[in-house]
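Peer 1: the following block contains a protein sequence and its predicted model.
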Amino acid sequence: MNSTTKISFSKLLPVGILLMASISACSSVKTAADAPNSTDTSGTVSTTENAQSTKDDAQSETRKKQLEADIRAREQRNQMTGNSLNRADSDLASEVRSKLEANIPIGKLAVSAKNAELTVSGVVKTQDQLNKIKPLAMEIKGVKSVIVKADVIP
């Protein structure tokens, strides 16, 4: 085989790790496009068509399966590294975002993580949804604590 076309796994692995690190460099994620951009502020819950679209997407069975598969894949990847509780902050934030997106329809939430301590801010429609945030976030392996800065805006 020509040496210019021969690519070894040992050369691809560092490139893959670098790509994953650059993609996951941001540790603040949102449950919807119009959620707040950081956990320092809160947004507003829209009752427009966009909010209904977000709710329909989050509650669809296909989307829930995608979110669950994403969480499982990340947990499996961490188990392969030897410590399933030592998680990257970006992974924790992303998994919590996925969990909240699937379980809190029309929520406009931002999630950030630092040293496995998460902050969730934004707005939800009901007090029941607000009460679900912390228990849902704590279901993700590796989360040490959750600070909820979200508000209820009916």
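Peer 2: In hand now; what should we look at?
Peer 1: show residues contacting the helix or strand where residue 129 lies.
Peer 2: Assigning secondary structure by DSSP states H and E places residue 129 in helix 127-138. Contacts made with helix 127-138 from outside it, assessed by C-beta atoms under 8 Å, 6 or more residues apart in numbering, are listed as 96, 99-100, 103-104, 107, 109, 111, 118, 120, 124, 143, 146, 148, 150-152. Any C-beta I mention is one placed from the backbone N, CA and C, and that applies to glycine too.
Peer 1: any buried residues in that helix, and which?
Peer 2: 129-130, 132-134, 136-137 (16 or more other C-beta atoms under 10 Å).
Peer 1: what of stretch 138-154?
Peer 2: Neighbour-count burial for stretch 138-154 flags 140-143, 146, 148-150 (criterion: 16+ other C-beta under 10 Å).
Peer 1: just give me the closest of those to residue 88.
Peer 2: For residue 88, the closest of those turns out to be residue 142, at 8.9 Å, with distances computed as C-beta to C-beta.
Peer 1: residue 111 belongs to a strand, doesn't it?
Peer 2: Yes. Secondary structure assignment places residue 111 in a strand (DSSP: H, G, I helix; E, B strand; the rest coil).
Peer 1: hmm, it is touching residue 118, no?
Peer 2: Yes. With contact defined as C-beta atoms under 8 Å, residue 111 counts as touching residue 118 (6.1 Å).
Peer 1: need the residues touching each of the two.
Peer 2: Residues within reach of residue 111 and of residue 118 at once, by C-beta under 8 Å, 6+ apart, are 93, 96, 137.
Peer 1: what angle do helix 127-138 and whatever helix or strand the first one lives in make with each other?
Peer 2: So that's residue 93. When elements are assigned from DSSP H and E, residue 93 belongs to helix 89-103. Computed with axes from the mean of the first three to the mean of the last three C-alpha atoms, to 10 degrees, the direction of helix 89-103 lies at 140 degrees from that of helix 127-138.
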